[in-house]
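> quick one, fold the following:
(chains A and B)
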Amino acid sequence: MIEWLTQPWSWWFSGIMISGVMLALLFFGKSFGVSDTLRAACAIGGAGRRISFFNYDWKNGLWNIVFITGAVIGGFIAHQFLGGAENGVRISEATLQDLTAMGVQADTSTLAPTDIFSWENLFTLQGLIFMVGGGFLVGFGARYAGGCTSGHAISGLSNLQLPSLIAVIGFFIGGLLMTHLILPVFLSW
Amino acid sequence: MKKYLSFLIIGIVFGITMTKSEAISWYRIQEMFRFQAFHMYGIIGTAVFLGAISVALIKRLGIRDLRGNPITFNDKQMSIPRYLFGGFIFGLGWALSGACPGPMYTLLGNGMLVFIVVIGSAILGTLAYGALRSKLPH
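You can find the predicted model right below:
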């Protein structure tokens, strides 16, 4: 079984497991939504004294902080003991060619290109845009939209929520615009 | 404490799944937004397909949670600008960082510690939203 688990997982098995995570949380009386932990971080840091949006009882979301702690540990276990992505992320040849053509050192033995995502690159313009800028937009947008991929694309769509469908359409408009029009410019800098 | 142990275990399963499915990889997100493979669409599609059947069954059969309370689903308040603009901004960031919040945490466990900066920045983005909230169309 360990041998089977250490192979890269197929899309269908991964999808089954993610819906299983969502269902398990429902059976424990909670709903799947990771970006709530970012709001909790603001509340824990005392932002509620100045900004009423963060003035709420974050302790009700303690379970979610435990959950993401598990997500970190799960990443560690998969990386150390289940092979991680040791044989390289198996992206398509077309994607590899596109990224290489834009000057990305597409070394797929790591999960993200280390010429962009590394400490050495953090204080370059490119590093600031991809890591600091990217993170900021994810945090801002997730709270504005009231959820991220887990809350809207998985939980919301499973509950046939029209607002979640609008949010997911927004995710894709933003993602497509960035990927096809803006990213090539950033990568040329 | 026992209750929290359950959430820790579910989180571990989630982290392993996100890693072994490669959904936490910047490369996979690029591939998805370039429509060059079915992989990410298959993952999300399968999860939503099974999720929708499960949610419908839970509602139809009135299934209760482990404490015996009915499982309830809150309908999200309808708005177009909030979800479209918020989603749009999120999408820009998703394509840049290659990680939505769940993967950001899981990448740390995979040894990509520089993603602590991405998480810190996402917290700042959340803070900025909270500060500007009353001025944004919802």
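
> what are the buried residues along the helix or strand of chain A with the lowest mean pLDDT?
Every helix and strand of chain A was ranked by mean pLDDT, DSSP states H and E. The lowest is helix A:2-6, at a mean of 81. Residues residue A:6 are the ones in helix A:2-6 that count as buried (16 or more other CB atoms under 10 Å in any protein chain shown). C-betas here are computed from N, CA, C, even on glycine.

> contacting residues around it?
A:82, A:83, B:20 (CB atoms under 8 Å, 6 or more residues apart in numbering or on different chains).

> any idea how far the nearest residue to the first one once chain neighbours are set aside lies from residue A:122?
Ranked by CB to CB, 6 or more residues apart in numbering or on different chains and with sequence neighbours excluded, the top spatial neighbour of residue A:82 is residue A:6, at 4.9 Å. For residue A:6, the distance to residue A:122 (CB to CB, to the nearest Å) stands at 32 Å.

> cool, residue B:5 as well?
36 Å.

> tell me which of those two has more neighbours.
residue A:122 (15 against 11; other CB atoms under 10 Å in any protein chain shown).

> can I take it that the more buried one is in a strand?
No - Residue A:122 is assigned coil when assessed by DSSP: H, G, I helix; E, B strand; the rest coil, not a strand.

> list the buried ones in the longest helix along chain A?
Determined from DSSP state H, the single longest helix within chain A is helix A:62-81. Of all the residues in helix A:62-81, those buried under the rule 16+ other CB under 10 Å are A:63-79.

> residue B:58 is in contact with residue A:26, isn't it?
Yes - if you go by CB atoms under 8 Å, residue B:58 and residue A:26 touch, sitting 7.1 Å apart.

> between the two, tell me which one has more neighbours.
Neighbour totals were compared for residue B:58 and residue A:26, and residue A:26 leads with 23 against 20 (other CB under 10 Å).

> which helix or strand lies directly C-terminal to whichever strand or helix holds residue A:134?
Per DSSP states H and E, residue A:134 falls inside helix A:134-145. Using DSSP H and E, the helix or strand that follows helix A:134-145 towards the C-terminus is helix A:157-158.

> for that next one, packing partners?
helix A:162-177, helix B:39-61 (3 or more CB pairs under 8 Å, 6 or more residues apart in numbering or on different chains; DSSP states H and E).

> Serialize these to a markdown table and add fields for mean pLDDT and distance to residue A:90.
Below are the helices and strands packed on helix A:157-158 laid out as a markdown table (pLDDT from 0 to 100; distance: least, CB to CB, whole Å):
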| stretch | mean pLDDT | distance to residue A:90 |
| --- | --- | --- |
| helix A:162-177 | 98 | 21 |
| helix B:39-61 | 98 | 8 |
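
> the residue nearest in space to the middle of chain B sits in which helix or strand?
Residue closest to the average C-alpha location in chain B (CA atoms, centre = their mean): residue B:102, at 5.7 Å. Using DSSP H and E, residue B:102 sits in helix B:101-109.

> measure the nearest residue to residue B:125 once chain neighbours are set aside to residue A:37 for me?
Spatially, and ignoring its direct neighbours in sequence, residue B:125 is nearest to residue A:139 (2.8 Å; CB to CB, 6+ apart). Distance of residue A:139 to residue A:37, computed by CB to CB: 11 Å.

> quick one: the closest residue to residue B:108 other than its chain neighbours from residue A:148, how far?
Spatial nearest neighbour of residue B:108, excluding adjacent residues (CB to CB, 6+ apart): residue A:72 at 5.1 Å. For residue A:72, the distance to residue A:148 equals 17 Å [CB to CB].

> and residue A:52, by the same measure?
From residue A:52 across to residue A:148, the span is 22 Å (CB to CB).

> ok, residues contacting the longest helix of chain A?
Against helix A:62-81 from outside (CB under 8 Å, 6+ apart): A:25, A:28, A:30, A:33-34, A:36-37, A:40, A:84, B:3-4, B:7-20, B:24, B:102, B:105-111.

> among these, name the buried ones.
A:25, A:28, A:30, A:33-34, A:36-37, A:40, A:84, B:7-20, B:24, B:102, B:105-110.

> filter these down to just the ones in helices.
Among those, DSSP H puts A:25, A:36-37, A:40, B:7-20, B:102, B:105-109 in helices.

> thinking again about what came up before, okay, the longest helix of chain A in PDB with CA atoms only?
This file holds the C-alpha atoms of helix A:62-81, laid out as PDB (Å, rounded to 0.1, in the frame of the first residue of the first chain):
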ATOM      1  CA  LEU A  62      -9.200  27.300  16.300                       C
ATOM      2  CA  TRP A  63     -10.100  24.000  14.700                       C
ATOM      3  CA  ASN A  64      -9.100  25.500  11.300                       C
ATOM      4  CA  ILE A  65      -5.700  26.600  12.600                       C
ATOM      5  CA  VAL A  66      -5.200  23.000  13.800                       C
ATOM      6  CA  PHE A  67      -6.400  21.800  10.400                       C
ATOM      7  CA  ILE A  68      -3.800  23.900   8.500                       C
ATOM      8  CA  THR A  69      -1.100  22.800  11.000                       C
ATOM      9  CA  GLY A  70      -2.100  19.300   9.800                       C
ATOM     10  CA  ALA A  71      -1.700  20.500   6.200                       C
ATOM     11  CA  VAL A  72       1.900  21.600   6.900                       C
ATOM     12  CA  ILE A  73       2.600  18.200   8.600                       C
ATOM     13  CA  GLY A  74       0.900  16.300   5.700                       C
ATOM     14  CA  GLY A  75       3.100  18.200   3.300                       C
ATOM     15  CA  PHE A  76       6.200  17.100   5.300                       C
ATOM     16  CA  ILE A  77       5.100  13.500   5.500                       C
ATOM     17  CA  ALA A  78       4.400  13.300   1.800                       C
ATOM     18  CA  HIS A  79       7.700  15.000   1.000                       C
ATOM     19  CA  GLN A  80       9.800  12.900   3.400                       C
ATOM     20  CA  PHE A  81       8.100   9.500   3.400                       C
END
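
> many thanks, I have nothing further to ask.
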